[in-house]
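Undergrad: Build the 3D model from these lines:
(chains A, B, C and D)
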Number of protein chains: 2
Amino acid sequence: MGSSKTHIFSIQHNELAQVAKVLAHPARIAILEYISKQEGCICNDLVDEIGLAQPTISQHLNEIKKIGLLQGTFEGKNLCYCIDQERWLELQQAFNNFFSNINLNCC
Amino acid sequence: MGSSKTHIFSIQHNELAQVAKVLAHPARIAILEYISKQEGCICNDLVDEIGLAQPTISQHLNEIKKIGLLQGTFEGKNLCYCIDQERWLELQQAFNNFFSNINLNCC
DNA sequence: TTATATTATCGTAATATTGCAATATTAAAT
DNA sequence: ATTTAATATTGCAATATTACGATAATATAA
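TA: Got it, this is the predicted structure:
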C-alpha cells in the first residue's frame, strides 16, 4: 500500500486534489508569490530568496510546471519563469467552486 | 531529510500549505462533499460511499478534523460529523486571497 | 450485564515526498 | 572552441503518507 487509490475517485476530485498537492508545500506557495512580485523571474534569485538548495528549487518549480501554472521564456542567458494567467484563473475558479458548492447546513 | 523545512517559511505560507495538504487527497475532497450533501454524517456510510476501509476513512476524517473543518456531535448511538461553517468560510477566504493577491503581469 | 454496532487506535507494509551533493546540460560570452 | 553561469537530472537518505488487518474503546439495546 502507500499509494492513493486514485481510480476509485472521480476525475474532478482527483484533479482538484492534484492541484492542492502542489499548493501543499510552503516553498511552492512562496515561489508562486515571489514570481508574481517580479515580472517573471530568474531561478537563481529563488535560491537566495527561498533558502533551499538549487536542485530542490528546481524540483519544486517542476511540480508547479506540471499543473500548467508556469510559462518559461528565455531572456538573455537566463530562463525566465512567469505565471500562466489563464491557468491561474482557472484554478482560482476551481477552488472557489469547491468551496461554494458545499452545503453548510449543519446537523 | 524528507521532512519539509517549515521553519524557513512564514506562518501564512505554512498555514495555507497545511490546509492545501488536507485537500490534496481525492478521498478527503469526496468526504467533504459527501458530508455536505447529507446533513451531518455517520462514518459507516462513508465507508460504503467512498470505498476505503473503515480505519482509512477514520484517518482521513482525523486529518480534516485537525484543521478545524469538522464538528462532531452525538446523535443516537452514532457520531455525527458536520462541517464547521465558520472555519469553512475562513479557508475559502484564505484561498481566494492567495489567488487574488498574485500579480499576473507576465514577462 | 452482555451482546451488538460503530468509531478509534495500533502496528505494519508499500509508496511518495523532501532535500541535497554530485554531476550533466544548456546557452551566452569570450 | 573554451569558459562561465544558470538550470536540470541523478542518486540517495530521511521522513511522511496511504492503506488495511487486528484490536480496543465507546455507546446503545437487549
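
Undergrad: Counting by contacts, list what the strand or helix carrying A:S58 packs against.
TA: Using DSSP states H and E, A:S58 sits within helix A:54-66. With contacts defined as 3 or more C-beta pairs under 8 Å, 6 or more residues apart in numbering or on different chains; DSSP states H and E, the packing partners of helix A:54-66 are helix A:11-23, helix A:26-37, helix A:43-50, strand A:70-75. C-beta coordinates here come from the backbone N, C-alpha and C atoms, glycine included.

Undergrad: and it with DNA strand C, contact?
TA: Yes: Helix A:54-66 comes into contact with DNA strand C (C-beta under 7 Å from any atom of the strand), by way of A:Q54, A:P55, A:T56, A:Q59, A:H60, A:E63.

Undergrad: Mind checking which of those residues are buried?
TA: Neighbour-count burial (16 or more other C-beta atoms under 10 Å in any protein chain shown) is assigned, among those, to A:H60, A:E63.

Undergrad: And the residues of helix A:54-66 next to DNA strand C, which is closest to B:Q38?
TA: Distances from B:Q38 to the residues of helix A:54-66 next to DNA strand C, taken as C-beta to C-beta, are shortest for A:E63 (34.5 Å).

Undergrad: ok so, going back, looking at the residues of helix A:54-66 next to DNA strand C, which one is closest to A:K21?
TA: The shortest distance between A:K21 and any of those, using C-beta to C-beta, involves A:E63 and amounts to 8.2 Å.

Undergrad: Leaving out chain neighbours, which residue sits closest to that closest one?
TA: By the measure of C-beta to C-beta, 6 or more residues apart in numbering or on different chains, the closest residue to A:E63 outside its immediate chain neighbours is A:V22, 5.4 Å from it.

Undergrad: I'd like to know how many residues surround that neighbour.
TA: Counted by other C-beta atoms under 10 Å in any protein chain shown, the residues lying close to A:V22 total 20.

Undergrad: Nice, that's everything, thank you.
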